[in-house]
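have a look at this fold, sequence not included:
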């Protein structure tokens, strides 16, 4: 089998897994929100190995947005 990527989105969790044969897994937790709707908004992402080791984390303000826009921006 090739090295395809399967993406599974469950609420605020984006789980990307390589083919079952490799048994490698990367889990990305995402969130976005705004204070007010719309209002000042921000996003955050944390990427972990399947073993639980943190690989990378990231956060950023995105200006004025609705809560839904912030949630979508976090996974884009």
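Sure, I can see it. Treat the numbers as computed from the prediction; the structure is a model and nothing was measured.

mind listing residues that contact the helix or strand hosting residue 47?
Using DSSP states H and E, residue 47 sits within strand 39-49. Residues outside strand 39-49 that contact it (Cβ atoms under 8 Å, 6 or more residues apart in numbering): 25-35, 54-67, 69-70, 73-74. C-betas here are computed from N, CA, C, even on glycine.

PyMOL command to pick out the buried ones of those residues?
Selection of the buried residues among those in PyMOL, burial being defined by 16 or more other Cβ atoms under 10 Å:
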select buried, resi 27+28+29+30+31+32+33+34+65+66+67+69+70+73+74
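
quick revisit: can you list the strands that the strand holding residue 47 pairs with?
Applying DSSP bridges to the sheet, strand 39-49 is found paired with strand 25-34 (antiparallel), strand 54-65 (antiparallel).

now it: buried residues?
Quick answer for strand 39-49 (16+ other Cβ under 10 Å): 41-45, 47-48.

on that earlier part again, least reliable of the strands paired with strand 39-49 by average pLDDT, please.
Per-stretch mean pLDDT for the strands paired with strand 39-49 is lowest at strand 25-34 (a mean of 87).

which residues of the chain score low on pLDDT?
Along the chain, the model assigns pLDDT under 70 to residues 1-24.

residue 64 against residue 70, yeah?
No - using Cβ atoms under 8 Å, residue 64 is not in contact with residue 70; the gap is 10.0 Å.

name the residues contacting each of these two.
Listed as contacting both residue 64 and residue 70 by Cβ under 8 Å, 6+ apart are 34, 41.

for the nearest residue to residue 32 once chain neighbours are set aside, helix, strand, or coil?
Leaving aside its sequence neighbours, residue 32 sits nearest to residue 70 (Cβ to Cβ, 6 or more residues apart in numbering; 3.2 Å). Here residue 70 is helix, with the state taken from DSSP: H, G, I helix; E, B strand; the rest coil.

next up, the contacts around residue 70.
Contacts of residue 70 by Cβ under 8 Å, 6+ apart are 32-34, 41-43, 62.

can you rerun that using 10 Å?
With contact set as Cβ atoms under 10 Å, 6 or more residues apart in numbering, residue 70 has these partners: 31-34, 37-44, 61-64.

try residue 71
By Cβ under 10 Å, 6+ apart, the residues touching residue 71 are 11-12, 30-34, 41, 43, 65.
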